[in-house]
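>>> Sequence first, then the predicted structure:
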Amino acid sequence: MKNLVKINAKRCKSCGLCVHVCPKKILGIGEIANDKGYYAVEMKDQTKCIACAFCALICPDLALEVYREEKGE
Ligand code: SF4
Ligand code: SF4
């Protein structure tokens, strides 16, 4: 499996912390509102993700999960 960030859009409150902390600047606030009316964060370029997990660690709402590519696959 390649590096992957799973976004639980229902939990996102659009605070933007993950957008700012991502060293690759590949997260952005999306244009689709979730059922609470927040514009959930979106992945712009998954191929550039280095699976550092900064985004998941800073998210106060546990909306992000990061999976790291296993070497040797
Ligand atoms: S794991 Fe790191 S590089 Fe990937 S989206 Fe999150 S902060 Fe950005
Ligand atoms: S840090 Fe969490 S709640 Fe804030 S924008 Fe990112 S995913 Fe949404």
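Structure's in. What do you need? Owing to the predicted nature of the structure, the values given are computational and were not obtained by experimental measurement. Ligands and ions are numbered 1, 2, ... in the order given.
>>> Which parts of this structure are helices?
Assignment of helices within the chain using DSSP state H yields the ranges 17-21, 54-58.
>>> and these as CSV, adding distance to Tyr39, mean neighbour count and mean pLDDT?
(Glycine included, C-beta is placed from N, CA and C.) Converted to CSV, the helices of the chain look like this (distance: least, CB to CB, whole Å; neighbours: other CB atoms under 10 Å; pLDDT from 0 to 100):
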stretch, distance to Tyr39, mean neighbour count, mean pLDDT
helix 17-21, 11, 17, 98
helix 54-58, 16, 17, 98
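>>> Mind checking the ones you listed for the one nearest to Met1?
Ranking the helices of the chain by their distance to Met1 (criterion: CB to CB) puts helix 54-58 first, at 16.1 Å.
>>> Give me the distance between the two termini of stretch 42-57.
Terminal residues of stretch 42-57 lie 17 Å apart, using CA to CA, to the nearest Å.
>>> Next to ligand 1, which bits of the chain? Give me the list.
The chain has residues 5, 22-24, 26-27, 49-55, 66 near ligand 1, with proximity defined as CB under 6 Å from any ligand atom.
>>> Most neighbours of all these, which one?
Compared across those, Cys55 has the highest neighbour count, 26 neighbours, by other CB atoms under 10 Å.
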